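K.L.:
mind folding the following:
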Amino acid sequence: GLTIIAGILPMVPHPHWIFRGFEFGKFQFSALGIVLLAIGFSWNGDPIVTALQISLGILLIRDGLILIKYSPLYPLKKAEPTTTGDSPIIRVLSANVLQFNTEYHRLINMIKSSAPDIVVTLESNSAWEEKLTEIEVDFPHSVKIPLENTYGMHLYSKLEITEAQKHFFVADDLPSIQAQIQTSDGRSFTLFAVHPPPPSPSEEPTSEERDGDLLCIAKALRKIDGPRVVVGDFNNVAWGRSSVLFRKTSELIDARIGRGFISTFHARFLLLRVPIDLFFHSEDVIVADLKAMPNIGSDHFPLLAEFRLTDNTSAQEEEIQTLEADELEEVNSMIRDGKKAEGDREDFDS
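P.N.:
Predicted structure coming up:
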């Protein structure tokens, strides 16, 4: 019964964390549901158990159709690099460092060993900024937003940042970074770094700010020409309602589809892990690899993405989905609610 309730609650279109929180555990609840369904066959003849089994079976089929997309079993035609017209490989390392984590050397050593071109840090405050000055010899271009409320972020790049903006779409303490970056062969692409707040009993009571922030970013992305990538801690799973609306609004591609769950949180609890550090890209970006990296002392595993810019957009155009008319109104409503919501974030340096 509880498993059925856990499957039904996310269907309720309400932003409270009780409903949105159960979106995160869809894989775990589905696995538990399969076990319970198998056990239920030993209760043949009991009408209540039969009714529960039928209900559970329907939910498992529904959730299975959603989750299969995030499995290597999903029949997805991968875009292949071309011999001409593609940029060199670009490597982006995104890490939610956990503001209170003082094992700075673990991330610094990972940066040195994995050799990314771009590093995005989330939850990075002034202490993290000071420690990361060590990497600035190799990463001369940067955008820095040190905050003490667990929503600071930094962008470090070996590639030239030709233009950068700091956005605060729904609140003046919830930033995102937009950067125009030039590759070694003279191409240009836009990178967005994001980190909205989660709906949870310990943080925000609803998903309103998270959803509003993500969808503001999605609308901004749709207006940008050329290659685009988005990376960060979405505090939402790829199959969550606002993540799906983000993908459709921005008209970007979820790099996880057809690759696997690639769970990044929680680093300390294996059975609770979910994919909330996400990566989206436009059709003129070919993702070569996407993987979770080893633990750096945070509650998140860093995410490493490798991609190329390409002139061949036709191979991935069919993966792009757009909003229906009723979904557009849903998006606009979520943005309005997100801007009206009043988050309660503590400044841990005060």
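
K.L.:
now do the domain split for the chain, please.
P.N.:
Here the domain parsing of the chain from automatic domain parsing is 2-70, 90-319.

K.L.:
shaky segments in the chain?
P.N.:
Applying pLDDT under 70 to the chain flags the ranges 1, 43-45, 77-84, 349-350.

K.L.:
need the longest helix for it.
P.N.:
Ranked by number of residues, the top helix in the chain under DSSP state H is helix 47-67.

K.L.:
which is the next helix or strand following that helix?
P.N.:
Going down the chain from helix 47-67, the next helix or strand is strand 90-96, by DSSP states H and E.

K.L.:
next, count neighbours for residue 284.
P.N.:
Counted with other Cβ atoms under 10 Å, the neighbours of residue 284 add up to 21. (Glycine included, C-beta is placed from N, CA and C.)

K.L.:
contacting residues around it?
P.N.:
226, 227, 309, 310, 311, 312, 313 (Cβ atoms under 8 Å, 6 or more residues apart in numbering).

K.L.:
gap between the residue nearest to residue 264 when sequence neighbours are not counted and residue 242?
P.N.:
Take residue 264 and drop its neighbours on the chain: the residue closest to it by Cβ to Cβ, 6 or more residues apart in numbering is residue 277, 4.0 Å away. Distance, residue 277 to residue 242, using Cβ to Cβ, to the nearest Å: 16 Å.

K.L.:
neighbour-wise, which of these two wins?
P.N.:
More crowded of residue 277 and residue 242, by other Cβ under 10 Å: residue 242, with 28 against 25.

K.L.:
would you agree the more buried one is in contact with residue 208?
P.N.:
No. Shown here, residue 242 and residue 208 do not form a contact pair, counting by Cβ atoms under 8 Å, at 10.0 Å.

K.L.:
give me the common contacts of the two.
P.N.:
When contacts are counted by Cβ under 8 Å, 6+ apart, residue 242 and residue 208 have residue 334 as shared neighbours.

K.L.:
residue 74 against residue 254, yeah?
P.N.:
No. Contact status for residue 74 versus residue 254: not in contact, 11.3 Å apart, counting by Cβ under 8 Å.

K.L.:
higher neighbour count, those two?
P.N.:
Between residue 74 and residue 254, counted using other Cβ under 10 Å, the more crowded position is residue 254 (21 against 14).

K.L.:
in the stretch 201-350 of the chain, which spans are strands?
P.N.:
With DSSP state E, counting those that start in this stretch, the ranges of strands along the stretch 201-350 of the chain come out as 228-233, 253-254, 277-281, 285-292, 303-309.

K.L.:
what sits against the residue nearest the centre of the chain?
P.N.:
The residue lying closest to the centre of the chain (Cα atoms, centre = their mean) is residue 278, at 2.5 Å. Neighbouring residues of residue 278 by Cβ under 8 Å, 6+ apart: 230, 231, 232, 234, 236, 238, 243, 254, 255, 256.

K.L.:
off-centre distance for the strand or helix carrying residue 18?
P.N.:
Using DSSP H and E, residue 18 sits within helix 17-20. Centroid separation for helix 17-20 versus its chain: 18 Å, with Cα atoms, centre = their mean, to the nearest Å.

K.L.:
could I get the buried residue list for that helix?
P.N.:
17, 19, 20 (16 or more other Cβ atoms under 10 Å).

K.L.:
switch the strands of the stretch 201-350 of the chain over to CSV; also include distance to residue 113.
P.N.:
Formatted as CSV, those follow (distance: least, Cβ to Cβ, whole Å):
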stretch, distance to residue 113
strand 228-233, 20
strand 253-254, 28
strand 277-281, 19
strand 285-292, 14
strand 303-309, 11
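
K.L.:
just so I know, which of the ones you listed lies nearest residue 49?
P.N.:
When the strands of the stretch 201-350 of the chain are compared by Cβ to Cβ, strand 253-254 sits nearest residue 49, at 37.8 Å.

K.L.:
now tell me what touches the closest one from outside.
P.N.:
When contacts are defined by Cβ under 8 Å, 6+ apart, strand 253-254 is touched by residues 238, 243, 247, 278-283, 285, 316, 319-320.

K.L.:
tell me which strands that strand pairs with, and in which orientation.
P.N.:
strand 277-281 (antiparallel) (DSSP bridges).

K.L.:
strand 90-96 and the strand it pairs with, what's the angle between them?
P.N.:
150 degrees (axes from the mean of the first three to the mean of the last three Cα atoms, to 10 degrees).

K.L.:
quick one: buried residues of stretch 200-207?
P.N.:
Buried residues in stretch 200-207, counted by 16+ other Cβ under 10 Å: 203, 204, 206, 207.

K.L.:
let's see that stretch as PDB, backbone CA atoms only.
P.N.:
Extracted in PDB, the C-alpha atoms of stretch 200-207 (Å, rounded to 0.1, in the frame of the first residue of the first chain):
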ATOM      1  CA  SER A 200      12.500  19.400   1.300                       C
ATOM      2  CA  PRO A 201      11.500  19.600   5.000                       C
ATOM      3  CA  SER A 202      15.000  20.900   5.800                       C
ATOM      4  CA  GLU A 203      15.200  23.600   3.100                       C
ATOM      5  CA  GLU A 204      12.300  25.000   1.000                       C
ATOM      6  CA  PRO A 205       8.800  23.700   1.700                       C
ATOM      7  CA  THR A 206       7.800  23.800  -1.900                       C
ATOM      8  CA  SER A 207       9.500  23.400  -5.300                       C
END
